[in-house]
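Trainee: Provided below for reference: sequence and predicted model.
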Amino acid sequence: MDVFGLLGNPVGHSLSPPMHEAAYDELEVDGRYVTFEPAPDDLGAAIEGAQALGVAGLNVTIPFKQDALAHVEPDDLAARIGAVNTIDFADGGDSASDAADDPPTGHNTDAAGVRRSFAHHDVTLADRDAVVVGAGGAARAAAFALADAGATVHVANRTVERAESLASELPETTAGGLDSLETRVPDADVLVNATSVGMEEDRSPVPAETLHGDLAVLDAVYRPLDTRLLREARERGATTIDGAWMLLYQGVEAFELWTGRDAPVNAMNEALRARL
């Protein structure tokens, strides 16, 4: 039996276990997906221990995504984003003594979650003008995904310096404060909210009057699924994509990296949405 899992603290709220278990059931994979909650200072020992025990793959979530970089060999995308959310032990050593010399591979499938969410909704990203709201981890993944797909990106964040720092790492990318949304969104083709605004309160980070019918809007918030931003965008005729799609497709990408098989997307999506 192959064991996969999730490293985070806390992880009790995670929706990854039912999503991945549904994939194993659908494809008759002899696998299990479990959660691990190491102390913040024990991340390296947890990864090394998982490798020594023969764990096949791990997802990584808050607060470990950036710290995991020091314990894996990141692929190019994960290194550029500066965060790892998926670890593949297939190329790592077979024992604890090997782990230090032959670390596992680190990936960032959050970027694929963004890209594949738009693709599922028939939204083209190449040669489009995109706006990303936020400059944290989710925003970094979104900005890199959009830029790598050929979009021109503008990053808007409450702290302008953080937006400018992210923009400096990408080609033809601009940055500004949240007030820049008033001029950027009306001419944009794609909008991603990569902040937590809308999760705890019925608020939107984007002025409603800037939204329009030619816009495709992805909100990374998935609790609630129907955020104020999505409602206001839908009222104006925009294509709307809830955050569960991003969560789903980052998991789909991880499953395919670990198993080399096409993920049963419908089964994973049904299991995920049944718990939202």
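Mentor: Now that the structure is in, tell me what you want to look at. Residues are numbered from 1 along each chain as shown.
Trainee: for the protein, which helix is longest?
Mentor: Ranked by residue count, the top helix of the chain under DSSP state H comes out as helix 243-259.
Trainee: Start and end of stretch 148-165, how far apart?
Mentor: Stretch 148-165 has an end-to-end distance of 18 Å (C-alpha to C-alpha, to the nearest Å).
Trainee: Quick check: which ranges of the stretch 101-250 of the chain have low pLDDT?
Mentor: Low-confidence segments of the stretch 101-250 of the chain, defined by pLDDT under 70, span residues 101.
Trainee: run the last query once more with 90
Mentor: Residue ranges of the stretch 101-250 of the chain with pLDDT under 90: 101-102.
Trainee: And the helices in it, which stretches?
Mentor: Assigned by DSSP state H, counting those that start in this stretch, the helices in the stretch 101-250 of the chain fall at 110-120, 137-148, 160-167, 181-184, 228-235, 243-259.
Trainee: Out of these, which gets nearest to Glu26?
Mentor: Nearest to Glu26 among the helices of the stretch 101-250 of the chain is helix 243-259; the distance by C-beta to C-beta comes to 10.6 Å. Backbone N, C-alpha and C define where each C-beta goes, glycine included.
Trainee: What residues sit buried inside the following helix or strand past that closest one?
Mentor: Elements were assigned by DSSP states H and E; along the chain past helix 243-259, the next helix or strand is helix 265-273. Counting neighbours by 16 or more other C-beta atoms under 10 Å, one finds that the buried residues in helix 265-273 are 265, 267-269, 271-272.
Trainee: Closest one of those to Pro104?
Mentor: When those are compared against Pro104 (criterion: C-beta to C-beta), the nearest one is Met268, at 23.3 Å.
Trainee: I'd like to know which of the helices of the stretch 101-250 of the chain is closest to Arg203.
Mentor: Ranking these by proximity to Arg203 (C-beta to C-beta) places helix 228-235 first, at 6.1 Å.
Trainee: any idea how far the closest one is from the chain center?
Mentor: When C-alpha coordinates are averaged (C-alpha atoms, centre = their mean, to the nearest Å), helix 228-235 and its chain have centres 22 Å apart.
Trainee: That helix packs against which elements?
Mentor: The elements that helix 228-235 packs onto, with contact taken as 3 or more C-beta pairs under 8 Å, 6 or more residues apart in numbering; DSSP states H and E, are strand 216-219, strand 239-241.
Trainee: who's in contact with the first one?
Mentor: Residues from elsewhere that reach strand 216-219, judged by C-beta atoms under 8 Å, 6 or more residues apart in numbering: 114, 117-118, 121, 123, 142, 189-193, 198, 211, 227, 229-230, 233, 238-243, 245-246.
Trainee: Show me the domain layout of the chain.
Mentor: 2-108+246-273, 111-241 (automatic domain parsing).
Trainee: residues near Gly31, how many?
Mentor: 20 (other C-beta atoms under 10 Å).
Trainee: That one contacts Ala56, correct?
Mentor: Yes. Under the criterion of C-beta atoms under 8 Å, Gly31 lies in contact with Ala56, with a separation of 7.5 Å.
Trainee: show me the contacts for the residue nearest in space to the middle of the chain.
Mentor: Centroid-nearest residue in the chain: Asp110, 2.4 Å away (criterion: C-alpha atoms, centre = their mean). For Asp110, the set of contacting residues under the criterion of C-beta under 8 Å, 6+ apart consists of 81, 83, 85, 137-138, 141-142, 246, 250.
Trainee: now with 10 Å?
Mentor: With contact taken as C-beta atoms under 10 Å, 6 or more residues apart in numbering, Asp110 is in contact with 65, 77-78, 81, 83-86, 137-138, 140-142, 144-145, 194, 220, 246-247, 249-250, 253.
Trainee: And for Leu43?
Mentor: With contact set as C-beta under 10 Å, 6+ apart, Leu43 has these partners: 7, 9, 60, 63-64, 67-68, 70-71.
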